[in-house]
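K.L.:
attaching a predicted model along with its sequence, questions to come.
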Amino acid sequence: NAGVTQTPKFQVLKTGQSMTLQCAQDMNHEYMSWYRQDPGMGLRLIHYSVGAGITDQGEVPNGYNVSRSTTEDFPLRLLSAAPSQTSVYFCASSYGQGANEKLFFGSGTQLSVL
Amino acid sequence: TQLLEQSPQFLSIQEGENLTVYCNSSSVFSSLQWYRQEPGEGPVLLVTVVTGGEVKKLKRLTFQFGDARKDSSLHITAAQPGDTGLYLCAGNQGAQKLVFGQGTRLTINP
């Protein structure tokens, strides 16, 4: 059971570089989302998807793009990295509603932008 | 703007003591979840509470949802070193969109 797989685990970028954080899930979940975690801020929602071909913005979407061409994959693209995007990024997939709702998180990507 | 305020943000206690972590908001949530996160890993779901006033127990952990569905608490009885971790509450805004509190970093000393 792979669950939610994120790659890479660590990444260092220079300001202005672009890159894609990969996220894949093998649980056939409809819902997927990206969060960033900063000290003292908890997790903040960047983008989310309720199914293949459908994406929407979360709380902090600026500087990030997503696409959902398949149920399994939900990559997060940084268009032009900035030091403010230094953070730990978590991808999650989920199913269910209400009391049955359950999110599964990947192990995260630690990104540093110099 | 932080919709969910957790307190305390840091807590260090001795093994065997009891503790309570609070999660407060001015917003109403359809459900609220508690997660635990270990270093280098993603959060892991502990419980979901849905009904106002609901109480759920998970071994020595007791979770309560406020009557108005705006706040929640996590009580740990006889804390153990294995309870050490970052505890996060998260309110559901619909369509799987969660808003998280800042987290409570709990350390249980042997």
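P.N.:
Now that the structure is in, tell me what you want to look at. Numbers count the residues shown, from 1 in each chain, chains lettered A, B, ... in the order given.
K.L.:
what pairs with A:Phe105 across the strands?
P.N.:
Beta-bridge partners recorded for A:Phe105 (DSSP bridges): A:Ala92.
K.L.:
that one against A:Cys23, yeah?
P.N.:
No. Checked against CB atoms under 8 Å, the pair A:Phe105 and A:Cys23 is beyond contact range at 10.2 Å. Where you see a C-beta, it was placed from the backbone N, CA and C, and this is true even at glycine.
K.L.:
return every residue with contacts to both of the two.
P.N.:
Here A:Phe105 and A:Cys23 have A:Val4, A:Cys91 as joint contacts, going by CB atoms under 8 Å, 6 or more residues apart in numbering or on different chains.
K.L.:
just give me the longest strand of chain B.
P.N.:
strand B:85-92 (DSSP state E).
K.L.:
give me the contacts around it.
P.N.:
With contacts defined as CB under 8 Å, 6+ apart, strand B:85-92 is touched by A:42-43, A:101, B:3-4, B:6, B:21, B:23, B:25, B:27, B:29-38, B:43, B:72, B:74, B:98-101, B:103-106.
K.L.:
let me know the average pLDDT across that strand.
P.N.:
Mean per-residue pLDDT for strand B:85-92: 94.
K.L.:
buried residues in stretch B:54-70?
P.N.:
Using 16 or more other CB atoms under 10 Å in any protein chain shown as the test for burial, stretch B:54-70 gives B:Glu54, B:Lys56, B:Leu61, B:Thr62, B:Phe63, B:Gln64, B:Phe65, B:Gly66, B:Arg69, B:Lys70.
K.L.:
scratch that, stretch A:19-27
P.N.:
By 16+ other CB under 10 Å, the buried positions in stretch A:19-27 come out as A:Leu21, A:Cys23, A:Ala24, A:Gln25.
K.L.:
nearest to chain B, out of those: which one, please.
P.N.:
Nearest to chain B among the buried residues of stretch A:19-27 is A:Cys23, at 11.2 Å by CB to the nearest CB.
K.L.:
what residues of stretch A:43-52 count as buried?
P.N.:
Buried, per 16+ other CB under 10 Å, within stretch A:43-52: A:Leu43, A:Arg44, A:Leu45, A:Ile46, A:His47, A:Tyr48, A:Ser49, A:Val50, A:Ala52.
K.L.:
that'll do, ta.
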